[in-house]
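Colleague: only geometry, no sequence info:
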């Protein structure tokens, strides 16, 4: 047999549908097939002794108590049942086992000497063709019945699995009768021409058809009983009851052998029906099979092959057959209904176990008497040690608001229902969240009862709270990211607008002044991109580059950059620079300018005042010199509740609800990161009016130094140096190529990494400057393939990305210098000076 799990009909080795098998329940015949396939001998150990006992008992009774016609006793033979069962439950490869058992059982009445069956042995000797005919015929009939029943598809839409088993048993009995009656009629015709003496000896006389049909009718009950025994195998505890019922048949046999009782066959059939009704079906079936066999062996009932002379006796015999049929039919129905009821009980028990595992309790409330009854799960969930107790005691465990909510529902009216979340104190420190579902109904006596379920949802509520908190945090982070990307273009608008205005205002007369302002605007634009990168990766992007600078020049640079923004906001940028602001000191001019620019821009955008003041003073403490900067305004100030969050990213203190915020919300956050990277401190200063921020950084005074060898400058030129520039953006490539040609003897331009690799393979250059993101072959891949080809050429990596780890990609493949766009020519020249000998360097005169 082949098992399927795709919902298709199960089919045996014979190609016929398997007994019904559902997802949650399995046919017992199917289960028996599976067991026999694994352990084929066990099936015979249980069934063969039963059939053998029945055969021996019936044969003995027939020999002792009356006529014992061979043809009648084998119409049908008891061995027929083995063939039917074999087809239904045995795989084809093992079908020889029930066939062999059937042949042995067929020959038992003839061959066992203890039975003294001389007439049958004489028949075998004188007319072996008759014995062979009945042997083959019973084998064929069993095969026809088995295949007919197995070929009927009992689908799940019509039957439950055990219902399909019972239906197959019923069909087996019905087909059994049809096939056997057909066989009996055919046999009576086949042997009409046989010698009369041999026919009489074999039991094929004039009364053969009548006697054989009676036997076949009783056989229908027997086949039904045999299959019910297979489906409902009794357990060990059932055998005590089994012994008592067999004693009942023995007592009945004793009465009849002593001339007491009524018509023997009818009495036995009535007792069989009685047992079928009062005993459990698993015991009753086996009791009837064994009891009737013992009774028949002792009295000859059902075995006396004779035609009744009295019409009354013939009628009583017919009644006995009908009653016996009714008894086995009742057994089949009881077996079905008992099994279905047991399955329902098992399902309820499983559901109860699952409900108990899920902490779902059941309760009932008698509102009139004020009592509540709980099952064991409800007791555990509620923390109550009694199954029945006062409703008031339970209500006292609830919060007042929960109790009011529950009492507000008028459950004195039938049909009311509700579900509530309540909190119950089970013990002093054990507070649980419960969900209750309750409904009321009126009983037959008119009493209003409330029924309900109670669930412990404490853990679910805890998880739900955590999930809500996590969701809120994720939404907040998502909102910050969304705001960051949505304001990038807005944040870039200020420096871009400055550059656009300066370009429109550029004339021959103001070219020098405008050129300086354009430079400031471009630096501001690049600074915004640096802010973005620094906010995402502050540790990787906080490169400190110290040099000499004058604070006054930095303050003026900031004012120049934000001049147009101040005009737009109708505000003024003023200075308050203490002594020493003109003196050079050692610090990171770019970072100081970045912090000042962020603070001043914040004031211009958000304060709504009339001026922004940049103040500087020099401090000396513990032998060190410090620069202290203060940026203040006379605007509207910042609400107290926003002060603690001022230096967090994407926070805009003082922005009114409903107004459109300006700026990225990164200014103060980046200012704090930058000042801390410079080993300084930034803080908010409370003001009567407006806002003030102050930051202090350690900066030593710049010493006066003697002149040394000149560093590379804008006039430095590497005449003999060949540079390969790799840039896919056409305009950027052309502009950068022109800048490089001012300082290097030869500059070639490749528009992607693949073209650049061909350049290098054909004519290696002295220096490679490459972009990262390019079609066909990206910058880091270009460097990797250069090294694999054996070209160890110094490389400079360029990236325009403001965020991400793009610079790391260049470092990982061995780029000697990594820069952000636009190309910083001073850094390139300094790098080239360290690489190349003085022979290639030439200064313009």
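Modeller: On my side now, so go ahead. Keep in mind the model is a prediction, meaning the values are calculated, not measured. Numbering: from 1, shown residues only.

Colleague: would you map out the domains in this protein?
Modeller: The chain is divided into the following domains under automatic domain parsing: 28-337, 358-456, 534-698, 716-843.

Colleague: quick one: low-confidence parts of the stretch 451-600 of the chain?
Modeller: 480, 483-495, 497-498, 500-502, 504-513, 517, 520, 523-524, 526-543 (pLDDT under 70).

Colleague: how much space between residue 558 and residue 835?
Modeller: 36 Å (C-beta to C-beta, to the nearest Å). Any C-beta I mention is one placed from the backbone N, CA and C, and that applies to glycine too.

Colleague: partners of the longest strand along the chain in the sheet?
Modeller: If you go by DSSP state E, the chain has its longest strand at strand 430-442. Using DSSP bridges, strand 430-442 pairs in its sheet with strand 417-427 (antiparallel), strand 448-456 (antiparallel).

Colleague: which phi and psi does residue 446 have?
Modeller: Phi and psi for residue 446, reported as degrees, to the nearest 10, are phi 90, psi 0.

Colleague: how many neighbours does it have?
Modeller: Residue neighbour count, defined by other C-beta atoms under 10 Å, stands at 7 for residue 446.

Colleague: can you pull the contacts of the nearest residue to residue 570 once chain neighbours are set aside?
Modeller: Excluding the flanking residues, the one nearest residue 570 by C-beta to C-beta, 6 or more residues apart in numbering is residue 610, at 7.7 Å. If you count contacts by C-beta atoms under 8 Å, 6 or more residues apart in numbering, residue 610 has them with 570-572, 634.

Colleague: same question, residue 600
Modeller: Counting by C-beta under 8 Å, 6+ apart, the residues that residue 600 touches are 558-559, 562, 573, 612, 614, 631.

Colleague: let's see that with 10 Å instead.
Modeller: Going by C-beta atoms under 10 Å, 6 or more residues apart in numbering, residue 600 touches 555, 558-559, 561-562, 565-566, 571, 573, 612-614, 631, 633, 667, 693.

Colleague: look at it and tell me its secondary structure.
Modeller: helix (DSSP: H, G, I helix; E, B strand; the rest coil).

Colleague: returning to that earlier point: what's the closest of the contacts of residue 600 to residue 109?
Modeller: Nearest to residue 109 among the contacts of residue 600 is residue 667, at 109.8 Å by C-beta to C-beta.

Colleague: just give the number of residues close to the closest one.
Modeller: For residue 667, using other C-beta under 10 Å, the count is 24.

Colleague: in space, what's closest to it - neighbours in sequence excluded?
Modeller: Using C-beta to C-beta, 6+ apart, the nearest residue to residue 667 is residue 598, at 3.8 Å.

Colleague: the one you found contacts residue 674, correct?
Modeller: Yes: taking C-beta atoms under 10 Å as the definition, residue 598 is a contact partner of residue 674 at 8.4 Å.

Colleague: give the contact list for residue 348.
Modeller: Applying C-beta under 10 Å, 6+ apart to residue 348 gives the contacts residue 355.

Colleague: tell me if it really is in a helix.
Modeller: Yes: assessed with three-state DSSP, residue 348 lies in a helix.

Colleague: ok, it to residue 253 distance?
Modeller: 44 Å.

Colleague: check residue 586 too.
Modeller: With C-beta to C-beta as the criterion, residue 586 and residue 253 are 125 Å apart.

Colleague: again with residue 723
Modeller: In terms of C-beta to C-beta, residue 723 sits 121 Å off from residue 253.

Colleague: try residue 277
Modeller: 21 Å.

Colleague: between those two, which one's more packed in?
Modeller: Taking neighbours as other C-beta under 10 Å, residue 277 and residue 253 compare with residue 253 leading, 22 against 12.

Colleague: state the pLDDT value of the more buried one.
Modeller: Listed pLDDT for residue 253 reads 86.

Colleague: check contacts around it.
Modeller: 261, 264, 267-268, 291, 294-299, 301.

Colleague: specify which member of those residues is nearest to residue 159.
Modeller: Using C-beta to C-beta, residue 291 is the member of the contacts of residue 253 that lies nearest residue 159, at 30.8 Å.

Colleague: for the closest one, pull up the helix or strand it's in.
Modeller: Using DSSP states H and E, residue 291 sits in helix 281-299.

Colleague: so how far is that helix from its chain's centroid?
Modeller: 55 Å (C-alpha atoms, centre = their mean, to the nearest Å).
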